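Student: I would like to see how this sequence folds:
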Amino acid sequence: MVDLDALSRNHLEAARRDERGRSAELVVHDGELRQSVIALVRGACLSAHNSPPAASIQVLSGRLRVELDGEVQGEVGAGELWALTHERHAVLALEDTAFLLTTVTGVDQRSYA
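Tutor: Prediction:
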């Protein structure tokens, strides 16, 4: 069993010490399913990247913004779940944030750009 609250706290502490302001850990790897806890300090971002065939973000604490080509797609806060589109996107922490990223990879479908 994974304690998401404890992982969130630990990774936020690690992100605060990291020069890039982030910390992450893969917590579930089952076939095509991947789930990672990711922590970003306020202002840190995951720059634009391709989307896998399916992905979602569940914010565990804090608040973040999902951007497409520099435009705001949406903001997600603690307790909210966001299904990512199949477009290249970036993620920006609006405050110190921990989230669970769920992805499906390795299926017979290309990643969307």
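Student: which pLDDT value belongs to Ala93?
Tutor: In this prediction, Ala93 carries a pLDDT score of 98.
Student: go on, the one 10 residues further on?
Tutor: Reported pLDDT at Thr103 in the predicted model: 92.
Student: same thing with Val72?
Tutor: As summarised for this prediction, Val72 has a pLDDT of 72.
Student: okay, and it sits in which element?
Tutor: Using DSSP states H and E, Val72 falls within strand 71-77.
Student: cool, Trp82 as well?
Tutor: Per DSSP H and E: Trp82 is located in strand 81-83.
Student: can you point out the buried residues in that strand?
Tutor: For strand 81-83, the buried set under the neighbour-count rule, 16 or more other C-beta atoms under 10 Å, comprises Trp82. All C-beta atoms are positioned from the backbone trio N, CA, C, and that covers glycine.
Student: so what are the sheet partners of that strand and their directions?
Tutor: In the sheet containing strand 81-83, its partner strands are strand 54-61 (antiparallel), by DSSP bridges.
Student: in the strand holding Val72, which residues are buried?
Tutor: For strand 71-77, the neighbour count (16+ other C-beta under 10 Å) marks 73, 76 as buried.
Student: so what's the gap between that strand and the chain middle?
Tutor: Here the centre of mass of C-alpha atoms in strand 71-77, compared against the chain's by C-alpha atoms, centre = their mean, to the nearest Å, lies 13 Å away.
Student: quick one: average confidence on the strand holding Trp82?
Tutor: If you average the pLDDT values across strand 81-83, you get 93.
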